[in-house]
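>>> Let me see the structure of the following:
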Amino acid sequence: MIVIYHNPRCSKSRETVDILNKQNAKFEIIKYLEEPLSVENLTEIIKLLNIKPIELVRQNESIWKENFRHLDSTDQELIKIMSEHPKLIERPIVINGDKAVIGRPPNRILDII
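Okay, the predicted model is just below:
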């Protein structure tokens, strides 16, 4: 089953849900701001995305700029920061089996569904 890590307030995330609906895809929505991801979950997602942890960080968020940008954080520290501050996680993330993409732009998800 397809899983989308979703923020309903994000237009790109809403567009991604619309694409999934139009494709008649069966999917599960995880509102990661309400159900923060563990370090283990984030580590697995980053592995599926095949990216470095910093690539999943929303670096324009004020939380990042004010508290973390100046730090020389390790990958594990970045994952812990995102787990503790889920607003910093880039969205939406769509996972289909062993494939995953960040839905920016939303039509990128068509590659994995």
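>>> switch to C-alpha atoms for all contacts and neighbour counts from now on
OK.
>>> What ranges does this structure have for its strands?
For the chain, applying DSSP state E gives strands covering 2-6, 27-31, 93-96, 99-102.
>>> if you compare the ones you listed, which one is most tucked away?
The highest average neighbour count among the strands of the chain, using mean count of other CA atoms under 10 Å, belongs to strand 93-96 at a mean of 23.
>>> other SSEs contacting that one?
Contacting strand 93-96 under the criterion 3 or more CA pairs under 8 Å, 6 or more residues apart in numbering; DSSP states H and E are the following elements: strand 2-6, strand 99-102.
>>> Where does pLDDT dip in this structure?
With pLDDT under 70 as the threshold, the chain has no low-confidence stretch at all.
>>> residue with max distance from the center of it?
With distances taken as CA atoms, centre = their mean, the residue sitting farthest from the centre of the chain turns out to be H70, at 22.5 Å.
>>> sorry, back to before: of the strands of the chain, which approaches D111 most closely?
Closest of those to D111 is strand 99-102, at 8.5 Å (criterion: CA to CA).
>>> got a list of contacts for the closest one?
For strand 99-102, the surrounding residues in contact (CA atoms under 8 Å, 6 or more residues apart in numbering) are I45, L48, L49, E90, R91, P92, I93, V94, I95, R108, I109, I112.
>>> From those, keep the buried residues only.
Among these, those scoring as buried are I45, L48, L49, E90, R91, P92, I93, V94, I95, I109 (criterion: 16 or more other CA atoms under 10 Å).
>>> With distance to E66 as added columns, please give those residues in CSV.
CSV is the format used below for the buried ones among the contacts of strand 99-102 (distance: CA to CA, whole Å):
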residue, distance to E66
I45, 26
L48, 29
L49, 27
E90, 18
R91, 21
P92, 23
I93, 25
V94, 29
I95, 31
I109, 32
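>>> Which of those residues fall in helices?
I45, L48, L49 (DSSP state H).
>>> Nothing else from me, thank you.
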